[in-house]
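> quick one, what's the 3D model for this:
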Amino acid sequence: MKILLTQNIDKLGKRGEVKTVPDGYARNYLLPKKLALKPTPQNIKQLETESSRRALNEVEQKKTMEQAAEQLKQTSCTVTSHADENGHLYGSVTEAMIAEALKEEGAEVEAKTIVLQAPIKELGVYDIEVRLHPDVIVQTRVWVVEEKEKAGEDKAE
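Take a look at the predicted model:
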């Protein structure tokens with residue numbers, strides 16, 4: 001059965017391609033989940049129209065993300081965490097903690113855009129990669145410092 005893909009599907013094809021697949025795969029999986037359509041001239045034209053609209057939106061979004069990247073390059077943040085005397089953290093610094101610290105500095109970044117090569121488990125300064133867009137990747141600096149306990153809590157013991 002010939003189908004028109006409405007989304008990219010691994011090991012099958014990309015959005016907008018017409019592919020031949022087994023009938024059962026098309027009827028039972030691709031068509032009910034709206035991953036594909038029958039390749040009628042109307043569906044092909046509609047998909048091309050959507051693709052051109054998406055391309056324009058993609059260009060606008062990329063420009064916006066490039067502007068945000070310029071701001072983010074200038075920004076660094078500080079994350080506080082409990083640590084032992086050797087500088088090892090109790091736990092680790094997460095993407096969500098970094099996103100919250102960047103938000104406090106005025107840079108709105110989602111946690112899922114932050115890429116950590118390895119978990120941060122020690123005090124120090126780290127260069128963190130932020131993927132704002134598939135084509136826009138920026139480095140920012142994160143300072144991980146020890147959280148000082150309140151003076152009243154130390155003397156209560």
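> the strand or helix carrying residue 125: which residues count as buried?
Following DSSP states H and E, the helix or strand that holds residue 125 is strand 124-133. Residues 126, 128, 130, 132-133 are the ones in strand 124-133 that count as buried (16 or more other CB atoms under 10 Å). C-beta coordinates here come from the backbone N, C-alpha and C atoms, glycine included.
> name the strands paired with the helix or strand following that strand and say parallel or antiparallel.
The helix or strand immediately downstream of strand 124-133 is strand 136-146, counting by DSSP H and E. The strands beside strand 136-146 in its sheet (DSSP bridges) come out as strand 76-81 (parallel), strand 124-133 (antiparallel).
> so can I have JSON lines of those showing mean pLDDT and distance to residue 36?
JSON lines is the format used below for those (pLDDT from 0 to 100; distance: least, CB to CB, whole Å):
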{"stretch": "strand 76-81", "mean pLDDT": "92", "distance to residue 36": "44"}
{"stretch": "strand 124-133", "mean pLDDT": "92", "distance to residue 36": "27"}
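> now for those strands, which one comes closest to residue 57?
With CB to CB as the measure, strand 124-133 is the member of the strands paired with strand 136-146 nearest residue 57 (12.0 Å).
> mind saving the C-alpha coords of that closest one as CSV?
The C-alpha coordinates for strand 124-133 follow below in CSV (Å, rounded to 0.1, in the frame of the first residue of the first chain):
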residue,chain,number,x,y,z
GLY,A,124,33.8,24.5,40.6
VAL,A,125,33.1,26.4,37.4
TYR,A,126,31.6,24.5,34.5
ASP,A,127,30.9,25.5,30.8
ILE,A,128,27.5,24.2,30.0
GLU,A,129,26.0,23.7,26.5
VAL,A,130,22.5,25.0,25.9
ARG,A,131,20.7,23.8,22.7
LEU,A,132,18.1,26.5,22.0
HIS,A,133,17.5,25.2,18.5
